[in-house]
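Engineer: build the 3D model from these lines:
(one chain, ligands or ions: 4)
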Amino acid sequence: RAKLEGKNRFHLFDPEHDQSLRGQLASIEEIRGALARREFVLHFQPKVNMRSGTVLGFEALIRWQHPERGLLAPALFIPQIEAHPLSIAVGDWVLDAALTQLAGWRAAGLHTTVSVNIGSAQLQDPDFFNRLQKLLATHPQVDAAQLQLEILETGALEDIRHVCELIARCRTLGVSFALDDFGTGYSSLTYLKRLDADTIKIDQSFVRDMLDDAEHVAIIDSILGLARTFGRQPLAEGVETAEHARRLLDIGCDCGQGYGIARPMAAAYVGDWLAQWQRSRPDFIQG
Ligand code: C2E
Ligand code: MG
Ligand code: MG
Ligand code: MG
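Structural biologist: Ligands and ions are numbered 1, 2, ... in the order given. Down below sits the predicted model:
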């Protein structure tokens, strides 16, 4: 299907709508080959303040530009390597590519931030901090404060002591943190207090259904309360429509990310998107 649409189209293979997902999953060897042949690419999705229109930064999302199958979504290859050493090498590639992009943008006059998803094997890797430090040193044009690391709430809980320590060490470099898919784990007060993240990303499942499910609004509300209590910036994922954005603004969630704002895009399109965002913004934005 993806092949017919040509490799330059950004049509993602969507595993949720494919019965034969199992047959589509890439093997470890294929993924290793893709890394060696440099077939991975990063796409970037804007995160914005939905009240003022300010662009907060971009989330880097990996895709595989497969020579035959087209552009593949991470669900087809990230879960397989989650517990495999290969995920460390892929994770290093992602970090390096994100920093390279930040340097390129900075040279072009765009000063922004990028957040990078960190898998649980990376989090548990005792050498992660040292390699991150070295990687930052190879990109002296990039300020470490331009980099945010997204860790899954569920991933952080696997070894919370180690993760807290890692966060503290990475913070000394200037790197910031977001807790991803928040609300899908234990979301406990004590864990949230210990995990020193700047941002809490409210999982898209709550946002998606909030328009017709009052319980989901209540969940989002309580996450906003938690964020306020602990001084964290809440950001809603999966803002698919203007209606979602308006409802979120109503309950005091100003920051968001989702198809209703912008889809993830190749880096080459980011400049055009920013220019267009300055010219005409969705009408829920008041700024
Ligand atoms: P995530 O970090 O929670 O990223 C958000 C996912 O939701 C992305 O899917 C994004 O394209 C999608 N999305 C954004 N806005 C909307 C919306 O309005 N509606 C809907 N339905 N979806 C939206 P994607 O790119 O397929 O990534 C899926 C997951 O794969 C990510 O979830 C993240 O956990 C993982 N992932 C992506 N890139 C990387 C990476 O470089 N490293 C690691 N370890 N994991 C990654
Ligand atoms: Mg993420
Ligand atoms: Mg998420
Ligand atoms: Mg997710």
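Engineer: for the residue sitting nearest the centre point of the chain, give me its contacts.
Structural biologist: By CA atoms, centre = their mean, the chain has its centre lying nearest to residue 59, at 4.3 Å. Shown in contact with residue 59 (CB atoms under 8 Å, 6 or more residues apart in numbering): 44, 45, 47, 114, 115, 117, 150, 257, 264. C-beta here means a position set from N, CA and C on the backbone, and glycine is covered the same way.
Engineer: restricted to helices, list those.
Structural biologist: Members of those lying in helices (criterion: DSSP state H): none.
Engineer: so can I have JSON lines of the residues you listed showing distance to residue 206?
Structural biologist: Formatted as JSON lines, those follow (distance: CB to CB, whole Å):
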{"residue": "44", "distance to residue 206": "24"}
{"residue": "45", "distance to residue 206": "18"}
{"residue": "47", "distance to residue 206": "17"}
{"residue": "114", "distance to residue 206": "25"}
{"residue": "115", "distance to residue 206": "20"}
{"residue": "117", "distance to residue 206": "19"}
{"residue": "150", "distance to residue 206": "17"}
{"residue": "257", "distance to residue 206": "14"}
{"residue": "264", "distance to residue 206": "20"}
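Engineer: buried residues of the longest strand that the chain contains, list them for me.
Structural biologist: Counting by DSSP state E, the longest strand found in the chain is strand 55-66. Under the neighbour-count criterion of 16 or more other CB atoms under 10 Å, strand 55-66 has 55, 56, 57, 58, 59, 60, 61, 62, 63, 64, 65, 66 buried.
Engineer: wait, the third one sits on residue 111?
Structural biologist: No. Using CB atoms under 8 Å, residue 57 and residue 111 do not qualify as a contacting pair, with a distance of 10.3 Å.
Engineer: distance check, residue 255 against residue 44.
Structural biologist: Counting by CB to CB, to the nearest Å, the separation of residue 255 from residue 44 is 17 Å.
Engineer: now residue 81
Structural biologist: For residue 81, the distance to residue 44 - CB to CB - is 22 Å.
Engineer: more neighbours, these two?
Structural biologist: residue 44 (24 against 21; other CB atoms under 10 Å).
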